[in-house]
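A.B. asks: what's the 3D shape of this:
(one chain, ligands or ions: 1)
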Amino acid sequence: MARYIFITGGVVSSLGKGLASAALGALLQARGYSVRLRKLDPYLNVDPGTMSPFEHGEVFVTDDGAETDLDLGHYERFTGVPARMTDSVSSGRIYSNVLEKERRGDYLGKTIQVVPHVTNEIKEFLAIGDDEVDFMLCEIGGTVGDIEGLPFFEAIRQFSHDKPRGQCIFMHLTLLPYLAASGELKTKPTQHSVKELQSIGIAPDILVCRSEQPIPEKERAKIALFCNVRKEAVVAAYDLKSIYEAPLAYHREGLDQAVLDAFEISPAPKPDLSVWEDVNDRIHNTDGDVKVAIVGKYVQLEDAYKSIKEALTHGGMANRVKVNVEWVDAEVFDHEDPAPYLEGFHAILVPGGFGERGTEGKIKAAQFARERKIPYLGICLGMQMAVIEAARNVAGVGDAGSEEFDHEAGGKRFTPVVYHLKEWVQGNRTVARKVDDDKGGTMRLGAYSAALKEGSKVAQVYGGCDIEERHRHRYEVDIKYRDQLEAKGLIFSGMSPDGRLPEIVEWADHPWFIGVQFHPELKSKPFQPHPLFADFVRAALETSRLV
Ligand code: GLN
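C.D. replies: Prediction:
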């Protein structure tokens, strides 16, 4: 039976609960335990799949095809444990399950209430797989006191009582604001936040206090006294230069020890932190830097491309260089020469995206990279745009486009080199979709394997020909243009196992130009950089040496 750690937050949002959870997961692993991390989100969307990246940041896709919160990306990057569909839930999903059961008559005519029906549904979710790992870390989104969060807080309170004593602990993250005028760290907001938690029956075992300044012993003692926690269980969380410093920083502050103490695990197994020491060494001891442009649409909110940014950092770590990322809005040069915007970069990355806006700019970016022989990595939409560019400017299909744009515009303006995929094979079954299906969860989602062409650039990069990567798309490059494009040098170097869906394209006579239909960034880790990102940064480094 797993031990449960519930992670909540108070005072303000964006304190880094996800990072603290992920770092704690990594520290427990370093002590030899198996872990699983989960996110419970109070919002009413059934999943983040339909939420705007401008608002909510990236949608993280799991191997089993769930569209989840970006915090699951942190969890995976820090623990290496592949996230699953059952690691993410929202109020929307919980209510939708409860209402479905009600309609089916499962509740036998009972009046359906938040307690016990909604809370039971949440508890059932929490219990999934509890015999599989040593520690289950469950983060509750939002802050204590949010109206939407109440059923979740009530459910974790009940859950801790359903389990034997000592099986669950509560860790609460708060902020210690610093008043420069008086030169003081203020503990009152933390005290209030803990009171709020206590008023709903939860007494935190550990307090993680975010602070810009060192926390004096006196303040630590005060927090412990007023918040009813042990002094050693008041753990400081200071600002870090890199998120990958978090495991070592939290270890120094005693977080993992405090957790083991709270569970009364004694003697505590000694941690092996060599992986994180190496990661830190690679971040801090770099030799040179490269400049990479991410040419996208959602450039105002960096979280929209969270995993890509992290994967580039990992690629930098693999080469011991610093990767400086600049965000370039593709729409700006939709009708202009992109050169003034793209010159000076050592590599160009066009990420995934939806809708027509900014696509002409992305097509121009692909053309610029091809003609100037700048390393190019096209991800999902970025691959589709590279193929459209090749069709238009090299293979003579002057009006090549994607059905995604025509569908939006309601007419036929393009020759659909990229078409709406309505049927594909998953394992040994066929999946079918209609154009007017619901928007949520209807894409080709999750892990699919691909066969790489022997002798191709990607086969060399991956060091093999069989790969499995995560997908999230509705449209697909039409294989009927393969011969025409290959004759001009755009090689279809990765295909779905049935040979029907192009997964990877690459230019034969280019130092590094690769487009992938999937999202390699989702599987990259600091201690295991994804080969495509490691090699892309290596190619960027070569470009930087040429100029
Ligand atoms: N909009 C494109 C599609 O649905 C690309 C999706 C993506 O980049 N994730 O195929």
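A.B. asks: where do the helices of the stretch 1-150 of the chain begin and end?
C.D. replies: For the stretch 1-150 of the chain, helices defined by DSSP state H, counting those that start in this stretch occupy the ranges 17-30, 53-56, 71-79, 91-104, 119-127, 150-162.
A.B. asks: ok, now the stretch 151-300 of the chain?
C.D. replies: All helices of the stretch 151-300 of the chain, identified by DSSP H, counting those that start in this stretch, fall at 188-199, 217-227, 246-252, 255-262, 274-284.
A.B. asks: could you export those helices as a markdown table, including distance to the ligand, mean neighbour count and mean pLDDT?
C.D. replies: For glycine as for every other residue, the C-beta is placed from the backbone atoms N, C-alpha and C. Below are the helices of the stretch 151-300 of the chain laid out as a markdown table (distance: least, C-beta to the nearest ligand atom, whole Å; neighbours: other C-beta atoms under 10 Å; pLDDT from 0 to 100):
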| stretch | distance to the ligand | mean neighbour count | mean pLDDT |
| --- | --- | --- | --- |
| helix 188-199 | 38 | 18 | 95 |
| helix 217-227 | 44 | 16 | 94 |
| helix 246-252 | 28 | 21 | 98 |
| helix 255-262 | 36 | 22 | 97 |
| helix 274-284 | 28 | 16 | 96 |
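A.B. asks: quick one, which of those helices gets closest to Glu423.
C.D. replies: Among the helices of the stretch 151-300 of the chain, helix 274-284 comes nearest to Glu423, with 42.7 Å by C-beta to C-beta.
A.B. asks: residues contacting that closest one, please?
C.D. replies: If you take C-beta atoms under 8 Å, 6 or more residues apart in numbering as the criterion, helix 274-284 is touched by 26, 30, 242, 244-245, 247-248, 313, 317-318, 320, 526-527.
A.B. asks: can you put the helices of the stretch 1-150 of the chain in CSV and add distance to the ligand, mean pLDDT and mean neighbour count?
C.D. replies: Formatted as CSV, the helices of the stretch 1-150 of the chain follow (distance: least, C-beta to the nearest ligand atom, whole Å; pLDDT from 0 to 100; neighbours: other C-beta atoms under 10 Å):
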stretch, distance to the ligand, mean pLDDT, mean neighbour count
helix 17-30, 22, 97, 25
helix 53-56, 10, 71, 16
helix 71-79, 15, 96, 27
helix 91-104, 22, 94, 16
helix 119-127, 27, 96, 18
helix 150-162, 30, 97, 20
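A.B. asks: out of those helices, which is closest to Ala451?
C.D. replies: helix 71-79 (25.2 Å).
A.B. asks: elements contacting that closest one?
C.D. replies: Secondary-structure packing of helix 71-79 (3 or more C-beta pairs under 8 Å, 6 or more residues apart in numbering; DSSP states H and E): helix 17-30, strand 35-41, strand 60-61, helix 306-319.
A.B. asks: please repeat the previous calculation with a cut-off of 10 Å.
C.D. replies: For helix 71-79, the elements it packs on are helix 17-30, strand 35-41, strand 60-61, strand 88-90, strand 135-140, helix 246-252, helix 306-319, judged by 3 or more C-beta pairs under 10 Å, 6 or more residues apart in numbering; DSSP states H and E.
A.B. asks: got the ones you listed as TSV, with distance to Asp535 columns?
C.D. replies: Shown next, in TSV, are these (distance: least, C-beta to C-beta, whole Å):
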stretch	distance to Asp535
helix 17-30	26
strand 35-41	29
strand 60-61	23
strand 88-90	31
strand 135-140	33
helix 246-252	27
helix 306-319	8
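A.B. asks: give me the low-pLDDT residue ranges for this protein?
C.D. replies: Within the chain, the stretches with pLDDT under 70 are 53, 298-300, 408-411, 435-441, 547.
A.B. asks: ok, and the closest non-adjacent residue to the residue nearest to the spatial centre of the chain?
C.D. replies: The centroid of the chain falls nearest to Gly73 when counting by C-alpha atoms, centre = their mean (3.1 Å). Nearest residue to Gly73, sequence neighbours excluded (C-beta to C-beta, 6 or more residues apart in numbering): Phe60, at 4.3 Å.
A.B. asks: touching, the one you found and His519? I think so.
C.D. replies: Yes - counting by C-beta atoms under 10 Å, Phe60 touches His519, with 9.4 Å between them.
A.B. asks: more neighbours: which of these two?
C.D. replies: Set Phe60 next to His519 and count neighbours by other C-beta atoms under 10 Å: Phe60 wins out with 27 against 24.
A.B. asks: which residues touch the more buried one?
C.D. replies: By C-beta atoms under 10 Å, 6 or more residues apart in numbering, the contact set of Phe60 is 39, 48, 66-76, 83, 88, 306-307, 470, 472, 519, 521-522.
A.B. asks: same check on Asn120?
C.D. replies: Asn120 touches Ile94, Val98, Ala155, Gln158, counting by C-beta under 10 Å, 6+ apart.
A.B. asks: one more time with 8 Å, if that's ok
C.D. replies: Taking C-beta under 8 Å, 6+ apart as the definition, Asn120 has no contacts.
A.B. asks: next to the ligand, which bits of the stretch 351-500 of the chain? Give me the list.
C.D. replies: When proximity is defined by C-beta under 6 Å from any ligand atom, the stretch 351-500 of the chain lies next to the ligand at Gly352, Gly353, Phe354, Cys380, Leu381, Glu404, Arg472, His473, Arg474, Tyr475.
A.B. asks: now the longest helix belonging to the chain: buried residues?
C.D. replies: As assigned by DSSP state H, the longest helix anywhere in the chain is helix 531-546. Residues of helix 531-546 classed as buried by neighbour count (16 or more other C-beta atoms under 10 Å): 531-541, 543-544.
A.B. asks: cool, and stretch 452-469?
C.D. replies: When neighbours are counted by 16+ other C-beta under 10 Å, the buried residues of stretch 452-469 are found to be Leu452, Lys453, Ser456, Lys457, Val458, Ala459, Val461, Tyr462, Cys465, Ile467, Glu469.
A.B. asks: give me the contact list for the helix or strand containing the fifth one.
C.D. replies: Which is Val458. Element membership for Val458 (DSSP states H and E) is helix 457-462. Residues from elsewhere that reach helix 457-462 (C-beta under 8 Å, 6+ apart): Leu452, Lys453, Cys465, Ser493, Gly494, Ile504, Glu506, Trp512, Ile514, Pro531, Leu532, Asp535.
A.B. asks: just say helix, strand or coil for Phe492.
C.D. replies: Put simply, Phe492 is strand when judged by DSSP: H, G, I helix; E, B strand; the rest coil.
A.B. asks: that one against Arg482, yeah?
C.D. replies: Yes - the pair Phe492 / Arg482 is scored as a contact, 5.3 Å apart, by C-beta atoms under 8 Å.
A.B. asks: so if I had to pick from the two, which one is more boxed in?
C.D. replies: Neighbours were counted for Phe492 and for Arg482 using other C-beta under 10 Å; Phe492 has more, 21 against 16.
A.B. asks: from the ligand, how far off is the more buried one?
C.D. replies: Counting by C-beta to the nearest ligand atom, to the nearest Å, the gap from Phe492 to the ligand is 17 Å.
A.B. asks: quick one: residues contacting that residue.
C.D. replies: Listed by C-beta under 8 Å, 6+ apart, the contact set of Phe492 reads Lys453, Ile479, Arg482, Leu485, Glu486, Pro502, Ile504, Val505.
A.B. asks: ok, the fourth one - contacts?
C.D. replies: Read that as Leu485. Listed by C-beta under 8 Å, 6+ apart, the contact set of Leu485 reads Val387, Ala390, Ala391, Val394, Ala395, Phe492, Val505.
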